[in-house]
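Engineer: Predicted model and sequence follow; I will ask about them next.
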Amino acid sequence: MTFNSLTFVFFLTVVLTAYYRLGHRGQNLLLLLASYVFYSWWDWRFLSLLLFSTFFDCWCALWIERHRSPAARKLFLAFSMFVNLGVLGVFKYYDFFADSLGHILTAFGMKATFPILHVILPVGISFYTFLSMSYTIDVYRRELQAARSLPDYMLYVAFFPHLVAGPIVRASYLLPQCQQPRVINPAEVANGIWLILLGYVKKVVIADRLAGLANWGFSQPGPPFSDANAWLVLYAFAFQIYGDFSGYTDIARGVSKLMGFELITNFRAPYLVTNPSLFWQHWNISLSTWLRDYLYIPLGGNRCGRVRNYSNLMITMLLGGLWHGAGFAYLLWGLYQGTILAIHRVWHDVTGFGLGHVKSQENVNSSAVTVDSAKNRAPRPETRDLVGAPPPASRHAWKAGFKLAIPKICLHAFVVVIFFHLTCVGWLLFRAGSVPRHFDQIQVVLGYLHAMFRCPTHVSPLVQPVVVLGGIAMFFQWQYAKMDSFSTWKPHWQAVAVVLALAAITALGVFDGAQFVYFQF
């Protein structure tokens, strides 16, 4: 069952109809049952794996909390990590490592064959495994109390909006929402309905329309273009994966709001940043913060010298790449991301400043409040002439400031464009991880790199759909803060936005039930 299916619309309608008629405990039991039905829709056999992971980590957390001996606590934590990573390793990585090791030994003249399991990858296993691991780790660190109610903890893990593709919500954030009665706020319901519509626009209009172009480009052993037009395939995939994953999280957050839950924001404006550090603060935020808090910082972070800091970055990003998929292309993507992060860190250490920064949303909001306050204040008589225009000195100062701002804006835009293309090169490695098995991933990547830097001889007809749909995606990123506050818009803008969203979904939506990209992870 996918969010972009009529089955899910019917499922959600039934769940909400019953949900609004029940009390807190009844709501939790209903959501728990609905979540297991939702997960079983793919393959009911893997429901036992989800239940095992849930019961096991709940039991481990209780034992970790009850024991005062540091050795016993570490033992139970290690046991929890071993079982969780073991299950993930068997279902997701065993075949890849067994096959790779066999090829390596053969290359050194040693014949060795390892049994290949050919197991089906359970949908969402990477997400709910990381979610459960963070819970036991937080209990071990005494940052969180172990849940006393098993149904509440089961709902935290299995809550169907985030179950199969995130965001990876920490127990300290979502578990209290499961434990306490929830209030249905009309403003949040309005925000939720808008986020669902926005998510559908991103998925069925932007992502699924561009998916055809990206799939066509990567269904061949080499790039479909012999010149820089090959960039269009990467642009299509870049906006596809943004629309797909961001659209999923928007729908997940919107559905949650309808039931009084609040999930974290997982995307801000990842393609409008100017350096790799900011990119990971705006793209898949729940995963990047998970890797930071449970891998990078425990490794030592940036507290143990430059060389060790760079190695910690590389290890974190390599494992982050491997989390996305069992393949060399995903490892190369992680290596690439770690390399540009390390280069940015070196530049920062040597020069004392980064390659570019974007105002945080809090600063933007503060600036907006300051400007609005200044507009609303009555001007002092001495600062204005008889016709209400600023005095000459103020006009000259404003013009001078504007002239100085233009080069900064142009430089910022230039850096954004350059880093967006560096991100697209990374997406080339990422997308190569899912090319057909009979293709050589390395040859596919090299073919694109060779073509992308050759001067084009013509303009491809792919330009129009990529520019139009990509421009819409960039607009959503530019206005991401407003997209989250629909209930504060003026009524006429709300009506226009809803009509445009429904028109786009109806006229341009692709309704073939295409799965979300991150379901494979």
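Structural biologist: In hand now; what should we look at?
Engineer: can you list the domains in this structure?
Structural biologist: 21-183, 187-356+414-520 (automatic domain parsing).
Engineer: what does stretch 509-519 rub up against?
Structural biologist: Stretch 509-519 has contacts (C-beta atoms under 8 Å, 6 or more residues apart in numbering) with 2-5, 123-124, 164-166, 200, 203-205, 207-209, 211, 240-241, 244-245, 247-248. All C-beta spots, glycine's among them, are computed from the backbone N, C-alpha and C.
Engineer: What are the buried residues along it?
Structural biologist: Residues of stretch 509-519 classed as buried by neighbour count (16 or more other C-beta atoms under 10 Å): 509-510, 514-519.
Engineer: CSV please, covering the domains of the chain and showing distance to Val14 and mean pLDDT.
Structural biologist: Formatted as CSV, the domains of the chain follow (distance: least, C-beta to C-beta, whole Å; pLDDT from 0 to 100):
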stretch, distance to Val14, mean pLDDT
domain 21-183, 8, 85
domain 187-356+414-520, 13, 88
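Engineer: Nearest to Val9 among these would be which one?
Structural biologist: For these, proximity to Val9 was assessed by C-beta to C-beta; domain 187-356+414-520 is nearest, at 10.0 Å.
Engineer: gap between the closest one and the chain center?
Structural biologist: 8 Å (C-alpha atoms, centre = their mean, to the nearest Å).
Engineer: How are the helices of the stretch 351-500 of the chain distributed by residue range?
Structural biologist: Secondary structure of the stretch 351-500 of the chain (DSSP state H, counting those that start in this stretch): helices located at 361-376, 392-432, 441-452, 463-478, 480-483, 491-508.
Engineer: And the ones you listed: which comes nearest Cys178?
Structural biologist: The nearest among these, by C-beta to C-beta, is helix 480-483 at 26.3 Å.
Engineer: Flag every buried residue along the closest one.
Structural biologist: 480, 483.
Engineer: packing partners for that helix?
Structural biologist: If contacts are counted by 3 or more C-beta pairs under 8 Å, 6 or more residues apart in numbering; DSSP states H and E, helix 480-483 sits against helix 186-200, helix 361-376.
Engineer: how close does Thr457 sit to Pro465?
Structural biologist: Using C-beta to C-beta, to the nearest Å, Thr457 is found at 21 Å from Pro465.
Engineer: more neighbours, these two?
Structural biologist: Shown here are Thr457 and Pro465; by other C-beta atoms under 10 Å, Pro465 has more neighbours (16 against 10).
Engineer: Surely that one is in contact with Arg209?
Structural biologist: Yes - Pro465 is within contact range of Arg209, at 6.7 Å (criterion: C-beta atoms under 8 Å).
Engineer: For stretch 335-350, C-alpha coordinates in CSV please.
Structural biologist: Taking C-alpha atoms only, stretch 335-350 is exported to CSV below (Å, rounded to 0.1, in the frame of the first residue of the first chain):
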residue,chain,number,x,y,z
LEU,A,335,33.1,8.3,-0.4
TYR,A,336,32.3,11.3,-2.6
GLN,A,337,30.1,13.0,0.0
GLY,A,338,32.8,12.4,2.7
THR,A,339,35.5,13.8,0.4
ILE,A,340,33.7,17.1,-0.4
LEU,A,341,32.8,17.5,3.3
ALA,A,342,36.5,17.0,4.2
ILE,A,343,37.6,19.5,1.5
HIS,A,344,35.1,22.0,2.8
ARG,A,345,36.4,21.4,6.4
VAL,A,346,40.0,21.8,5.1
TRP,A,347,39.1,25.1,3.4
HIS,A,348,37.4,26.3,6.6
ASP,A,349,40.4,25.3,8.8
VAL,A,350,42.9,27.0,6.5
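Engineer: Next, the buried residues of it.
Structural biologist: 336-342, 344-345.
Engineer: What are the contacting residues of that stretch?
Structural biologist: By C-beta under 8 Å, 6+ apart, stretch 335-350 touches 275-277, 280, 306, 309-310, 313-318, 320-321, 354-355, 422, 425-426, 429.
Engineer: ditto for stretch 122-133
Structural biologist: 39, 42-43, 46, 49-50, 53-54, 57, 80-81, 84-85, 87-88, 91-92, 157-158, 162-166, 168-169, 171, 287, 290, 294, 323, 519, 521.
Engineer: at 7 Å instead, please
Structural biologist: Here stretch 122-133 makes contact (C-beta atoms under 7 Å, 6 or more residues apart in numbering) with 42, 46, 49-50, 53, 57, 81, 84, 88, 91-92, 157, 163-166, 168-169, 290, 323, 519, 521.
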